[in-house]
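Enquirer: Coordinates for the following, if possible.
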Amino acid sequence: MSVGFNVFLHLIWVLLCGGLGYLLRWSIEEFKAMDQQVLRLSQPEQPPYKPQTPVPGAASGLQAKADPAKLAELKASIKKS
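Expert: I've put the predicted structure just below:
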């Protein structure tokens, strides 16, 4: 066999191995992505976040605990503004 034919076969062999390596790497990445998707889908769905609404009687409870003199002073300063 001639040297040129051996170089040609070597070039084909290198391209074949490089292509197979790239195909293997691509398939591994796809399997990892598929595994992550399966994990996301297998987890139970989280309910949407609902902020807590204030309790209607909470403000009156705070007013009952407040010092009446300081509360009157605060109301007076708010009215002045």
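Enquirer: Name the SS class of the spatially most central residue of the chain, please.
Expert: Nearest residue to the geometric centre of the chain (Cα atoms, centre = their mean): Arg40, 11.2 Å. Three-state secondary structure (criterion: DSSP: H, G, I helix; E, B strand; the rest coil) places Arg40 in helix.
Enquirer: Roughly how far does it sit from Gly21?
Expert: Distance, Arg40 to Gly21, by Cβ to Cβ, to the nearest Å: 29 Å. (C-beta placed from N, C-alpha, C; glycine too.)
Enquirer: repeat for Ala72
Expert: In terms of Cβ to Cβ, Ala72 sits 82 Å off from Gly21.
Enquirer: Now Leu71: phi and psi?
Expert: Backbone torsions of Leu71, given as degrees, to the nearest 10, read phi -70, psi -40.
Enquirer: burial of it, as a residue count?
Expert: Counted with other Cβ atoms under 10 Å, residues neighbouring Leu71 total 12.
Enquirer: now Pro44
Expert: 5.
Enquirer: so it is in which element?
Expert: Using DSSP states H and E, Pro44 is not contained in any helix or strand.
Enquirer: Return the residues in contact with it.
Expert: By Cβ atoms under 8 Å, 6 or more residues apart in numbering, the contact list for Pro44 is empty.
Enquirer: May I ask which helix or strand of the chain has the lowest mean pLDDT?
Expert: helix 58-65 (a mean of 64; mean pLDDT, DSSP states H and E).
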